[in-house]
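Undergrad: coords please:
(one chain, ligands or ions: 1)
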Amino acid sequence: MISLRDLTKRYGGKVVVDRLSVDLAPGKVTGFLGPNGAGKSTTMRMVMGLDHPSAGQALIDGKHYAELRHPMRRIGALLDAKAVHPGRTARNHLTAMARSNGLPLRRVDEVLETVGLTEVANRRAGKFSLGMGQRLGIAGALLGDPEILMFDEPVNGLDPDGVRWVRGLMRSLAAEGRTIFVSSHLMSEMQTTADQLVVIGKGKLIADAPISEVIERSSLTAVRVRTPSPEELEKQLLVAGMRVENRGSDELIVHGGTLDAIGGVAHQTGVRLNELSPRSASLEQAYMELTASSVEFGAPSAPAADGAQSGHADGLDEKERV
Ligand SMILES: Nc1ncnc2c1ncn2[C@@H]1O[C@H](COP(=O)(O)OP(=O)(O)OP(=O)(O)O)[C@@H](O)[C@H]1O
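TA: The predicted model follows:
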């Protein structure tokens with residue numbers, strides 16, 4: 001388990017990680033999201049003992065990285081895929097890592113196989129493509145067969161096949177009960193890979209919740225209702241504390257109520273429903289809302305995500321408004 005306790009990092013006068021407190025659970029992929037410069041890499045570096053916190057703690061199973069007796073057996077990380085001697089072959093690179101950390105040398109061939117680099121194991125890492133370099137970095141993280149794995153933008157620069165491979169790898173490592181902490185800017189990828197999300201902005205915690213909850217909480221998540229008695233139903237939904245957009249004709253868009261709750265109100269009111277259908281925000285939409293005030297380097301008129309771009313208050317695409 002990784003535990004961050006009021007973790008803080010200052011560079012000069014600037015606070016780049018600000019009293020971050022999070023526990024990362026085993027058996028899950030936790031996505032680590034935040035705009036450029038939010039402090040994700042700095043947080044990960046502090047977990048690995050590569051940066052020292054200005055205050056607070058980053059603990060691995062209750063200990064600082066430097067206190068671990070066999071660190072590579074407890075935690076593996078891909079922080080910078082380019083941190084490999086270009087003149088060394090993939091096999092030599094991993095062998096050197098295994099030797100200096102007292103790991104069995106058979107692990108070298110095992111991890112080369114896992115990441116699909118067996119055939120190029122004797123090629124110099126300096127000649128590797130971006131994707132091969134990422135795979136080699138992941139191999140290094142897996143070498144000690146650790147329970148905790150941390151990946152900083154592992155799909156950066158990978159082709160679709162590589163992205164899919166990383167997704168499968170994360171899911172299977174989590175299914176083995178390991179703790180997986182992964183940062184990415186690819187929201188669609190996170191939506192299919194992560195169970196839990198930790199979102200930070202300007203170093204501060206914005207959200208720590210299951211991905212489904214983050215999407216549910218978005219104001220763009222809504223329920224579409226079609227009924228021959230929209231006015232009557234709208235009145236009762238408002239009484240129940242929901243927010244309602246009356247689209248005219250027979251359509252209502254309802255925010256802040258589940259399908260069950262809306263169905264219940266309709267039943268009590270004796271109103272017939274012709275449609276009751278969920279409209280989920282995408283993770284990208286939910287993320288853009290969450291981090292809107294934390295984007296440090298955004299252009300002032302940067303367009304919002306997908307649905308929000310349509311200019312409709314509920315963020316639904318035209319094609320969704322049948
Ligand atoms: N060694 C350093 N000296 C001074 N400032 C630093 C140093 N390392 C990072 N920073 C600053 O800390 C802030 C957080 O950077 P960090 O790389 O952790 O963000 P990030 O969330 O990983 O961003 P990205 O998504 O762009 O990779 C940035 O403003 C960065 O300029």
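
Undergrad: tell me the SS of the closest residue to residue 162 other than its chain neighbours?
TA: Among residues not flanking residue 162 along the chain, residue 131 sits closest, at 4.7 Å (Cβ to Cβ, 6 or more residues apart in numbering). In this view, the C-beta of every residue, glycine as well, is placed from N, C-alpha and C. Put simply, residue 131 is helix when judged by DSSP: H, G, I helix; E, B strand; the rest coil.

Undergrad: what's near enough to touch residue 131?
TA: For residue 131, the contacting residues are 157-159, 162, by Cβ atoms under 8 Å, 6 or more residues apart in numbering.

Undergrad: Now do it against residue 143, distance only.
TA: Going from residue 131 to residue 143 by Cβ to Cβ, to the nearest Å gives 19 Å.

Undergrad: Then residue 194?
TA: In this structure, residue 194 and residue 143 are 24 Å apart, going by Cβ to Cβ.

Undergrad: Which one's more surrounded, those two?
TA: Using other Cβ atoms under 10 Å, the more surrounded residue of residue 194 and residue 143 is residue 194, with 27 against 22.

Undergrad: So that one is in contact with residue 151, correct?
TA: No - Residue 194 is not in contact with residue 151 according to Cβ atoms under 8 Å; the separation is 11.7 Å.

Undergrad: Spit out the residues that contact these two alike.
TA: Taking Cβ under 8 Å, 6+ apart as the contact rule, residue 194 and residue 151 both touch residue 182.

Undergrad: For the contacts of residue 131, give me a markdown table that also has neighbour count.
TA: A markdown table is the format used below for the contacts of residue 131 (neighbours: other Cβ atoms under 10 Å):
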| residue | neighbour count |
| --- | --- |
| 157 | 14 |
| 158 | 20 |
| 159 | 12 |
| 162 | 19 |
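
Undergrad: Out of these, which is nearest to the ligand?
TA: residue 157 (13.5 Å; Cβ to the nearest ligand atom).

Undergrad: Quick check: the nearest residue to that closest one once chain neighbours are set aside vs residue 214, distance?
TA: Spatial nearest neighbour of residue 157, chain neighbours left out: residue 130 (3.9 Å); criterion: Cβ to Cβ, 6+ apart. Applying Cβ to Cβ, the value for residue 130 to residue 214 is 30 Å.

Undergrad: Neighbour count: those two, which is higher?
TA: Per other Cβ under 10 Å, whichever of residue 130 and residue 214 has more neighbours is residue 214, with 26 against 14.

Undergrad: ok but that one is inside a helix, no?
TA: Yes - secondary structure of residue 214 (three-state DSSP): part of a helix.

Undergrad: Quick one: end-to-end length of stretch 96-111, please.
TA: Taking Cα to Cα, to the nearest Å, the first and last residues of stretch 96-111 lie 14 Å apart.

Undergrad: So what touches stretch 66-74?
TA: For stretch 66-74, the surrounding residues in contact (Cβ under 8 Å, 6+ apart) are 49, 60-61, 65, 75, 97, 101-103, 143-148.

Undergrad: hmm, try it at 6 Å
TA: With Cβ atoms under 6 Å, 6 or more residues apart in numbering as the test, stretch 66-74 has contacts from 49, 60, 101, 144, 146.
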